[in-house]
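Asker: Sequence and computational prediction follow.
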Amino acid sequence: VWASDCVFDDLVAHTGGAMSLEDAAVLVSQGNRYQGCRAVIEKDTFTGVTGGNGGALYLATDVSAYCTDDTFDACQAAQNGGGMFGEDAVRLVVEGSLFVRNEALRSFGGGLFTGSHAEMRVSATEFRENRASFGGGGMAYVPSVAGDTSFTDCLFRANEASLAAAVYIGTDASSPLAPSDAGTIYEDNVSTFNGVAVGSTPVSLAFERHPGTVRVYSG
């Protein structure tokens, strides 16, 4: 799948309000920056799109996706990933994109959610005013096996969640997660617990291992 310069507006679907991609064939075999990708989503706008998991995009089962210069605005997921959802061996690269006013109504990742053997690299991307009912107002990464994960040179501003307003990271994996957030800025994110804002410096990041304790870092 190659989607470029498209507008997806006010759509509704069971999973992935605009697109649902699973087990896609390799799109680009050689010769440019998209080599090995099964999906390229570039310069697209998703507005007011609603889905179950993945308000706008649902990616699963060995999909390698490259998303660049995209906008996810006011999309809504009934469960995880208000803007985008990925799981089951998904390899996801997001660059230069905007997630704004998206919402995960009953779980994780107001803007973006990845889990279950997923790998994710996010860079130069802005997460603003996204909300999640539980963890990761901006973004949540909850893999069963720890993979390659980073979110560098990003901006998380005015996101909201019960735990970890900006980014929630948790895993059942035996190996520890050590994501890089080099160059990333956190501003005015608000974490709540039982409906009460946590402190004057809201919690932005939470790293959790199951079973175990939660380590919380503010920023």
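Answerer: Done, it's in.
Asker: Alpha carbons only: can I get the helix or strand harbouring Tyr66 in CSV?
Answerer: Following DSSP states H and E, one finds Tyr66 within strand 64-68. This file holds the C-alpha atoms of strand 64-68, laid out as CSV (Å, rounded to 0.1, in the frame of the first residue of the first chain):
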residue,chain,number,x,y,z
SER,A,64,6.6,-2.8,7.9
ALA,A,65,5.2,0.7,7.7
TYR,A,66,6.9,4.1,7.0
CYS,A,67,4.8,7.1,7.9
THR,A,68,6.1,10.6,7.2
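Asker: What sits closest to Phe46 if chain neighbours are left out?
Answerer: In this structure, Phe46 finds its nearest non-sequential neighbour in Ala56, 3.8 Å apart by Cβ to Cβ, 6 or more residues apart in numbering. Placement of C-beta: from N, CA and C, glycine included.
Asker: and the one you found, what does it touch?
Answerer: By Cβ atoms under 8 Å, 6 or more residues apart in numbering, the residues touching Ala56 are 8, 16-19, 46, 49, 72, 75, 83-84.
Asker: again with Ser162
Answerer: Listed by Cβ under 8 Å, 6+ apart, the contact set of Ser162 reads 132-135, 191-193.
Asker: Quickly list what Gly135 is bridged to.
Answerer: Beta-bridge partners recorded for Gly135 (DSSP bridges): Leu163.
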